[in-house]
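Engineer: How does the following fold in three dimensions:
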Amino acid sequence: MRLPGGLLILGVHLLAGLLFAQPVATLNGEPIYEKDLAAASEGQMRQLRRQEYEIKLGALEAVINQRLVETEARARKTDVEKLMAEEVDAKAPPPTDEEVQAYYQSQKERINRPLEAVEAQLRKGLWQVKLQGAREQFYRRLRDKAKISIWLQPPKVEVAVDPSRIRGDAGAPVTIVEFSDFQCPFCQRVQPALLELLSKYRGKVRLAYRDFPLAEIHSRAHKAAEASRCAGDQGAFWTYHDRLYADISKLGDDDLKAHARALKLDEARFSGCLDSGRYTAAVDEDQRLGVSAGVNGTPAFLVNGVMLEGAQPIAAFESLIEAELAAGTSAQ
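Structural biologist: Numbers count the residues shown, from 1 in each chain. Now for the predicted structure:
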């Protein structure tokens, strides 16, 4: 006898609930449950889910490429090996002596060995790069001719935004939540790309800032984050933010106050705020939210909940933004 689908699903959920209710340990007779582990492991579990997605996506891309090649080989009445030799190997000849010499000269200080000692290795490495490039170009040509729909979705995590630290249209359909550190050179490097995105997607994208000071390696990052909040009290968060990222070497207490003075803020009010540590706990709370979301370095971004880590090129943001805008349009 088979249960109706609805009853079967209900039974599975009930069983899962019973298993979830079983303790995983006891401490002096007091049970510890799975739910008690959630707060301690939430950020790490989110990182694992992202890694799982990336592994699956890589595998999916490989399967798609392989099937495209097999389909093309059948259409040409040849086999895959001959097709790849024609479309990849033939279009990626071994590097010339001039190419090897030029690459060696560009990397000479890093290699720190005579050309004769590394020439074979360099030649092989350069050829592999050429082959990979030809292979990717061939895959792209095949993809352009195919109809591909990918339904595999990246994991998402929702993080609340701070209304006082939003740049762009407050009602924009795409939100980029930035977890950043004012002393981080990679965070500094990505700022022009973020401004370009806000300009390109005016009315469609907004940027929400969150603090994630890496105090272990950036001793002034936490105080700089507090200072930006103090500037925000006077309606100058973003102008102060921009000034800090313009020169991340000037973050001493005197520098932070000099920035406020240069922006013509009420200096006594700003200094009183900064010296009192008014926003110490608020900065810590931002960092706690980041850890819970799976952030473990800076800069890190959530594009409508999808994680993007590091000082990424603008194209990486555009890909996610376009996907979110398309999803929003199709849902209407």
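Engineer: Assess the claim that residue 243 and residue 261 are in contact.
Structural biologist: No - between residue 243 and residue 261 there is no contact under CB atoms under 8 Å: 11.1 Å. All C-beta atoms are positioned from the backbone trio N, CA, C, and that covers glycine.
Engineer: burial count for residue 51?
Structural biologist: Residue 51 has 11 neighbouring residues, counting by other CB atoms under 10 Å.
Engineer: The one 4 residues further on now?
Structural biologist: For residue 55, the count of nearby residues is 10 (other CB under 10 Å).
Engineer: what pLDDT does it get?
Structural biologist: pLDDT recorded at residue 55 is 93.
Engineer: Tell me the buried residues in stretch 129-137?
Structural biologist: For stretch 129-137, a neighbour-count test (16 or more other CB atoms under 10 Å) marks 130, 131, 134, 135 as buried.
Engineer: neighbour count winner among residue 243 and residue 261?
Structural biologist: When residue 243 and residue 261 are compared for neighbours, residue 243 comes out ahead with 19 against 12, by other CB under 10 Å.
Engineer: ok, and the closest non-adjacent residue to that one?
Structural biologist: Setting aside the residues directly before and after it, residue 243 is nearest to residue 259 in space (CB to CB, 6 or more residues apart in numbering), at 5.1 Å.
Engineer: Can you get me a residue count around the one you found?
Structural biologist: 24.
Engineer: Contacts only, for it.
Structural biologist: 227, 231, 240, 243, 244, 250 (CB atoms under 8 Å, 6 or more residues apart in numbering).
Engineer: Including pLDDT, distance to residue 197 and secondary structure, could the residues you listed go into JSON lines?
Structural biologist: What follows is the contacts of residue 259, written out as JSON lines (pLDDT from 0 to 100; distance: CB to CB, whole Å; DSSP: H, G, I helix; E, B strand; the rest coil):
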{"residue": "227", "pLDDT": "98", "distance to residue 197": "26", "secondary structure": "helix"}
{"residue": "231", "pLDDT": "98", "distance to residue 197": "23", "secondary structure": "helix"}
{"residue": "240", "pLDDT": "98", "distance to residue 197": "21", "secondary structure": "helix"}
{"residue": "243", "pLDDT": "98", "distance to residue 197": "21", "secondary structure": "helix"}
{"residue": "244", "pLDDT": "98", "distance to residue 197": "20", "secondary structure": "helix"}
{"residue": "250", "pLDDT": "96", "distance to residue 197": "26", "secondary structure": "coil"}
